[in-house]
Structure formats: C-alpha cells, structure tokens
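Trainee: one predicted model, sequence on top.
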Amino acid sequence: MGELIPIVAIIMGCGIPITAIWANHKRKIAEMQVDATAANTAERAAQYASHVQELEDRVRVLERIVTDKGYDVATQIEALRDQRRVDEAGSGVQLDFAKKEEA
C-alpha cells in the first residue's frame with residue numbers, strides 16, 4: 001500500500017492542474033458561444049425592427065390613400081377591371097410595326 005502513495009500523489013499532482021485547465025477552456029468556449037448568440041440575436045432584432053418599420057410605413061400609405069381619396073378606391077379598381085376586359089377582348093386596331101413607311 002505504501003508503494004501506491006507516490007503514484008497517487010503524482011497522478012493527483014498532474015490531474016488537478018489538467019482538470020483546472022480543461023474547466024477554464026470549457027468556460028471560455030461557453031462564454032464565446034454566449035457572445036455569438038447575443039450578437040446573432042441583436043442582428044436579428046435589428047432586422048425585425050427594420051422590417052416592422054417598413055410594414056408600418058406601408059400601412060400609413062394605405063391609410064392615407066383610403067382617407068385622402070375617400071372610398072373612391074373601389075370605383076378605381078372597377079375601372080381598372082373594365083380596362084382589362086377591353087384589353088383582353090382585343091378591341092382596337094392592330095399596329096403592324098413590320099411595315100415601314102416609304103419616303
């Protein structure tokens with residue numbers, strides 16, 4: 001039993017510092033992961049804030065269109081639909097750009 005004491009002492013003498021170094025390394029890795037996650041979260045929050053601002057601006061424009069022009073928007077939409085029907089019906093004169101004027 002007395003022969004094992006120096007071997008255990010050597011193992012403990014080397015094992016404790018190695019364990020401390022390993023634990024310190026793991027702590028640094030965890031800190032780096034937290035920092036990376038925080039940076040990623042901040043970047044996403046900024047992107048979301050920008051996107052929300054764009055959507056709010058679009059809603060303001062739509063509100064202004066509806067309130068400034070009253071409820072004439074429905075009439076304008078129907079006029080555009082009527083114009084599309086005329087275009088689809090093929091009314092009008094076909095233009096032949098292939099022919100050139102003779103001078």
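Mentor: Now that the structure is in, tell me what you want to look at. Numbers count the residues shown, from 1 in each chain.
Trainee: check which helix or strand covers Ala39.
Mentor: Using DSSP states H and E, Ala39 maps to helix 4-68.
Trainee: that helix: how far from the chain's middle?
Mentor: Taking CA atoms, centre = their mean, to the nearest Å, one finds helix 4-68 lying 18 Å from the centre of the chain it belongs to.
Trainee: likewise stretch 55-74?
Mentor: With CA atoms, centre = their mean, you get 26 Å for stretch 55-74.
Trainee: send the alpha carbons of that stretch over as CSV?
Mentor: Backbone C-alpha positions of stretch 55-74 (Å, rounded to 0.1, in the frame of the first residue of the first chain) are rendered in CSV as follows:
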residue,chain,number,x,y,z
LEU,A,55,-44.6,47.5,-42.8
GLU,A,56,-45.7,50.4,-40.7
ASP,A,57,-44.8,52.8,-43.5
ARG,A,58,-46.8,50.8,-46.0
VAL,A,59,-49.8,50.7,-43.7
ARG,A,60,-49.5,54.5,-43.3
VAL,A,61,-49.5,54.9,-47.1
LEU,A,62,-52.6,52.7,-47.4
GLU,A,63,-54.4,54.6,-44.7
ARG,A,64,-53.6,57.9,-46.4
ILE,A,65,-54.9,56.6,-49.7
VAL,A,66,-58.1,55.5,-48.2
THR,A,67,-58.7,58.6,-46.1
ASP,A,68,-57.4,61.2,-48.6
LYS,A,69,-59.4,59.9,-51.6
GLY,A,70,-62.4,58.7,-49.6
TYR,A,71,-63.9,55.4,-50.7
ASP,A,72,-63.4,56.1,-54.4
VAL,A,73,-60.8,53.3,-54.4
ALA,A,74,-63.5,50.7,-55.2
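Trainee: give me the contacts around it.
Mentor: The contact list for stretch 55-74, computed with CB atoms under 8 Å, 6 or more residues apart in numbering, is empty. For the C-beta atoms, the positions are set from N, CA and C on the backbone; glycine is no exception.
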